[in-house]
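> Give the three-dimensional model of this entry:
(chains A and B)
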Amino acid sequence: KQEVTQIPAALSVPEGENLVLNCSFTDSAIYNLQWFRQDPGKGLTSLLLIQSSQREQTSGRLNASLDKSSGRSTLYIAASQPGDSATYLCAVGRGYGGSQGNLIFGKGTKLSVKP
Amino acid sequence: NAGVTQTPKFQVLKTGQSMTLQCAQDMNHEYMSWYRQDPGMGLRLIHYSVGAGITDQGEVPNGYNVSRSTTEDFPLRLLSAAPSQTSVYFCASNPGLIGSPLHFGNGTRLTVT
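Modelled structure (predicted):
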């Protein structure tokens, strides 16, 4: 059974610091890996999606990497800002019934960026 | 463009009551799904649909029922609410294309007493 683990569970950094969030998964047979952001009381917002054939994706100050063979992904946030404070969720598309939309989530990393 | 809309935002039920959580999307997405989010558990898939008239079970389907009569709507029915169903419920959709991310609604917070 696929399991997704995110470490650390919580992280506090000063503004301006570069940081890395980690995600690991137990079964390398995935369709894709997605990183989401969740603000308190809100839904999830997709940040980056990496297809299983890709190694990384970038969007602005965010860079996500994927190493299927080792079952790991990292989300790199450059020059962190207080507005980056949120919970970051990693999810792998494993596909109940073959659907790539069916995701298995980690429990998230709660990030706090201090001014 | 409203995206994925969930109603209600909050709901309190007594044990044994039934209710329907509503989800609608205006993006003509073929795929829709329901997740529940519990503290310390992460999000877990309840039911999903790959198109109108087609539904299937996810990881935790017991106690829930779904139907998909139109592309836009995917309601989740609680048949007889139990305290274990206290959770935050999220509806999500995507167009079903390779590389397309999930779009989530803002959730329904349900408490069963």
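> who in chain A is up against chain B?
A:4, A:32, A:34, A:36, A:41-46, A:49, A:51, A:89, A:91, A:96-97, A:99-108 (C-beta under 8 Å from any C-beta of the partner chain). For every residue, glycine as well, the C-beta is placed using N, CA and C.
> Now, the residues you listed that are in strands?
A:4, A:32, A:34, A:36, A:44-46, A:49, A:51, A:89, A:91, A:103-105 (DSSP state E).
> Now, of those residues, which are buried?
Neighbour-count burial (16 or more other C-beta atoms under 10 Å in any protein chain shown) applied to those gives A:4, A:32, A:34, A:36, A:44, A:46, A:49, A:51, A:89, A:91, A:103-105.
> Surely residue A:3 touches residue A:71?
No: counting by C-beta atoms under 8 Å, residue A:3 does not reach residue A:71; the two are 9.8 Å apart.
> neighbour-wise, which of the two wins?
residue A:71 (19 against 12; other C-beta atoms under 10 Å in any protein chain shown).
> hey, what's the residue nearest to that one when sequence neighbours are not counted bridged with?
Taking C-beta to C-beta, 6 or more residues apart in numbering or on different chains, and ignoring the residues beside it in sequence, residue A:71 has residue A:25 as its nearest neighbour in space, at 4.9 Å. Beta bridges link residue A:25 to residue A:4 when assigned by DSSP bridges.
> Next, find the distance separating residue A:25 from chain B.
Remark: distance between residue A:25 and chain B (C-beta to the nearest C-beta, to the nearest Å) = 13 Å.
> Run a quick neighbour tally on the closest residue to residue B:69 other than its chain neighbours.
Distances taken as C-beta to C-beta, 6+ apart place residue B:52 nearest to residue B:69, at 6.7 Å, with adjacent residues excluded. Close neighbours of residue B:52, defined as other C-beta under 10 Å, add up to 16.
> likewise residue B:4?
23.
> Pull up the distance across stretch A:17-29, start to finish.
Chord length of stretch A:17-29, first to last residue, is 34 Å (C-alpha to C-alpha, to the nearest Å).
> List the buried residues in it.
A:19, A:21, A:23, A:24, A:25.
> still on that earlier bit, ok, of the ones in strands among the residues of chain A next to chain B, which one's closest to residue B:101?
Minimum separation from residue B:101 among those (C-beta to C-beta) is found for residue A:46, which lies at 3.6 Å.
> ok, residue B:97 to chain A distance?
9 Å.
> Quick one: name the residues of chain B near chain A.
Residues of chain B lying near chain A (C-beta under 8 Å from any C-beta): B:4, B:31, B:33, B:35, B:40-45, B:48, B:50, B:56-59, B:90, B:92, B:94, B:96, B:98-107.
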